[in-house]
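got a sequence here, can you model it:
(one chain, ligands or ions: 1)
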Amino acid sequence: MDLKGKNALVTGSGIRLGRAIALALGEAGCNLALHYNTSVESVIQVKSDLEKMGRKAHVFQQDLEDISHVQDLMTQVCSEFGHIDILINNAGIYPAGSGKAATPEKINKVFNVNLFSPWLLISAFASQLPREVQGKVINISDGKVFRNGTDHFSYRVTKQAINTITAMFALELAPNITVNAIAPGTMLPLLGYEHVDLQVVADRQIPLKRIGSPEIIAQNVLHILSQDFMTGDVIRVDGGEFL
Ligand SMILES: NC(=O)c1ccc[n+]([C@@H]2O[C@H](COP(=O)([O-])OP(=O)(O)OC[C@H]3O[C@@H](n4cnc5c(N)ncnc54)[C@H](OP(=O)(O)O)[C@@H]3O)[C@@H](O)[C@H]2O)c1
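The predicted structure is shown next:
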C-alpha cells in the first residue's frame, strides 16, 4: 500500500508505542486520527508534530472501557476524514494478577479495553470502508503470550484472543482488508517503573541482549503496511525472548 494521503486511526496514540506509530505513519505520508483517553497534553503535542510535517491530524477522546461508544468513535473519525484506510489497535491495559485473584469486574475492564474494543473497531472499520478501497488493520498483541505463565491472567487471555481474532478477521474480511498483528517483547519500562534497569533484564532473558523500542514497533507497522500478500499473521518483535 502506498501510504501517501491515506487516513489512519491509532488508538492510544498520545504516548509510548502509539505515539511512535502515529509519528512514523505521519512521516510516511498518512493523515492521522489520534485517539487518546487521558493523555491529552501528549496527544496534542503529537498532533502538532504531525501538522508540522504537513499532515492532517485530529484528536478523539474515548474511554475504551465503555464499549457502548466504540461505534461513536468511528463515526466521529469518519465525519472528519471521510473514511479510514488503516486501523492500528494499540491501546491496552496490563493489570497484574493470577486467575484465582481475578474478579468479574477486573476481567470485564481488561476484556473491554484489550479485546472487545479492538474487535468492535475492526468491525466498524470494515463497515465504513468503501467497497473498492483497500484497508489494513494491525493489532498490537504481546510476545509473552507465546509462552504460558500465571502472571497477568486476564491480560494474557485478551492478547491470546487478539491473536485468534487477527486470523479470524483476516479470513472474514479478505480480499480487500488485511488483518495482522505485532507481538512486542520488552520495549519500555512499565509506567511507574522507569527506574528499572532493563539492560539487566535483557542480559538475563533476551537472546539478542537488548530491549526494543517504540520506534522498532513503528518500523514493523510500516513493514506490514507495505505488504499486500500477508494477512492473519502475528509477527514477534521480541529479540527472541519468547521463542
Ligand atoms: N511497552 C511494552 O513493552 C509492550 C510490550 C508488549 C506489548 N505491548 C502492548 O503495546 C500496546 C501499547 O503499550 P504501551 O506500553 O505503549 O502502552 P501503555 O503505556 O500501557 O499505555 C496504554 C495506552 O492505552 C491507552 N489506554 C489505556 N486504557 C485506556 C482506556 N480505558 N481507553 C482508551 N485508551 C486507553 C492509553 O491512553 P491514554 O494514555 O490517553 O489514557 C495509552 O495510550 C499495548 O496494547 C500493550 O499491551 C507493550
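
tell me if the helix or strand residue 122 falls within is near the ligand.
Per DSSP states H and E: residue 122 is located in helix 117-128. No: counting by CB under 6 Å from any ligand atom, the ligand is not contacted by helix 117-128; separation bottoms out at 7.3 Å. For the C-beta atoms, the positions are set from N, CA and C on the backbone; glycine is no exception.

identify each buried residue in that helix, please.
If you call a residue buried by 16 or more other CB atoms under 10 Å, then helix 117-128 has these buried ones: 117-122, 124-126, 128.

that helix: how far from the chain's middle?
Distance of helix 117-128 from its chain centroid, counting by CA atoms, centre = their mean, to the nearest Å, is 13 Å.

which helices and strands sit right next to the next helix or strand after that helix?
Later in the chain than helix 117-128, the nearest helix or strand by DSSP H and E is strand 135-140. Counting contacts by 3 or more CB pairs under 8 Å, 6 or more residues apart in numbering; DSSP states H and E, strand 135-140 packs against strand 86-89, helix 117-128, helix 153-173, strand 177-184, helix 214-225.

right, and these - which one's nearest residue 23?
Comparing the helices and strands packed on strand 135-140 by their distance to residue 23 (CB to CB), the top pick is helix 214-225, with 7.3 Å.

near the ligand, which residues of the protein show up?
Counting by CB under 6 Å from any ligand atom, the residues of the chain near the ligand are 12, 14-18, 36-39, 63-65, 90-94, 113, 140, 142, 184, 186-188, 191.

can you select the buried ones among the residues you listed for me in PyMOL?
To isolate the buried members of these in PyMOL, using 16+ other CB under 10 Å:
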select buried, resi 12+14+15+16+17+18+36+37+39+64+65+90+91+92+93+113+140+142+184+186+187+188
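
restricted to strands, list the residues of the chain next to the ligand.
36, 140, 184 (DSSP state E).

quickly list what the second one is bridged to.
Here residue 140 sits in beta bridges with residue 182, as judged by DSSP bridges.

could you measure from it over to residue 99?
23 Å (CB to CB, to the nearest Å).

quick one: contacts for the most centrally placed residue in the chain?
In the chain, the C-alpha nearest the mean C-alpha coordinate belongs to residue 90, at 1.9 Å (CA atoms, centre = their mean). With contact taken as CB atoms under 8 Å, 6 or more residues apart in numbering, residue 90 is in contact with 10-13, 17-18, 21, 140.
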